[in-house]
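Peer 1: structure for the following, please:
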Amino acid sequence: MSNQALVKVRNAALDVAGEFTFQVRDKLGNIRKQWQENKFGKYLRILTGRQMQGLFLLGHWSDQMVVKNLITSAGKAGAASRINGSGAEAAFTYLAVGIGTTAAAAGDTALESEITDSGLARAAATCTRVTTTVTNDTAQLDYTWTVTGSKAVTEAGALNDATTGVLLGRQVFSAVNVVNGDTLQVTYKFKVS
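Peer 2: Below is the predicted model of the structure:
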């Protein structure tokens, strides 16, 4: 009678999450405070369609605003393509901002209303890997726009093409108001854990 080895296979789960960080500086380089809404504030903004900045039960003022991101279905497929080289997805290296207010959804393929003027057009980001939990587990895209007009930025996304492309992630948030002479720095982190 021979001994049989029992081999256990453990299913490994791969989770991806993203977040955008926004920081605005005026033309003198001073940081302009941003409204960081809490979950209740976000719920009320979505429910009523109105910005409610300054009500401290709904959030607080901060040097930067951090927004959890929604990874789209097309973005998940694109990331899977990049992992094993099956498919022709280009790397996700572009950041875009917009003025859309419709809540982000898994089926999104573009920003609702991408900004193409006022110095805020889609741009090739500086791409690096950073450590969140384990070494180099987070892809980071960073870009700073110099604003030449006035906008209330309410959405952001990461894409893999300069003009069209696949939308990796998108989110809608409380307005980040910018005016001529400001800089808007957006950092997008895509963590794989």
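Peer 1: tell me the contacts of the closest residue to Ile71 other than its chain neighbours?
Peer 2: The shortest distance from Ile71 to any non-neighbouring residue, by CB to CB, 6 or more residues apart in numbering, is to Gly169 (5.0 Å). The way it works is simple: take the backbone N, C-alpha and C, and place the C-beta from them, glycine included. Contact analysis of Gly169 by CB atoms under 8 Å, 6 or more residues apart in numbering lists 18, 69-72, 75, 157-158, 188, 190.
Peer 1: swap the cut-off to 7 Å and go again
Peer 2: 18, 69-72, 75, 157-158 (CB atoms under 7 Å, 6 or more residues apart in numbering).
Peer 1: give the phi and psi angles for it, as a check.
Peer 2: phi -150, psi 160 (degrees, to the nearest 10).
Peer 1: I'd assumed Gly18 was in a strand, is it?
Peer 2: Yes. Counting by DSSP: H, G, I helix; E, B strand; the rest coil, Gly18 falls inside a strand.
Peer 1: let me know the pLDDT of it.
Peer 2: In this model, Gly18 is scored at 79, pLDDT.
Peer 1: strands of the protein, residue ranges please.
Peer 2: If DSSP state E is used as the criterion, the strands of the chain fall at 16-25, 31-32, 34-37, 59-62, 65-71, 94-98, 123-124, 126-130, 138-146, 151-159, 167-178, 183-192.
Peer 1: for Thr131, give me its contacts.
Peer 2: 137-138 are the contacts of Thr131 under CB under 7 Å, 6+ apart.
Peer 1: my read: Ile31 touches Arg25, true?
Peer 2: Yes. Assessed by CB atoms under 7 Å, Ile31 is found in contact with Arg25 at 5.7 Å.
Peer 1: what about these two, which has more around it?
Peer 2: Taking neighbours as other CB atoms under 10 Å, Ile31 and Arg25 compare with Arg25 leading, 17 against 12.
Peer 1: which non-adjacent residue is nearest the more buried one?
Peer 2: Closest to Arg25 by CB to CB, 6+ apart is Thr183, at 4.8 Å.
Peer 1: distance of the one you found from Val97?
Peer 2: From Thr183 across to Val97, the span is 13 Å (CB to CB, to the nearest Å).
Peer 1: run a quick neighbour tally on the residue lying closest to Ala17 once chain neighbours are set aside.
Peer 2: The shortest distance from Ala17 to any non-neighbouring residue, by CB to CB, 6+ apart, is to Lys191 (5.1 Å). Using other CB under 10 Å, Lys191 is surrounded by 17 other residues.
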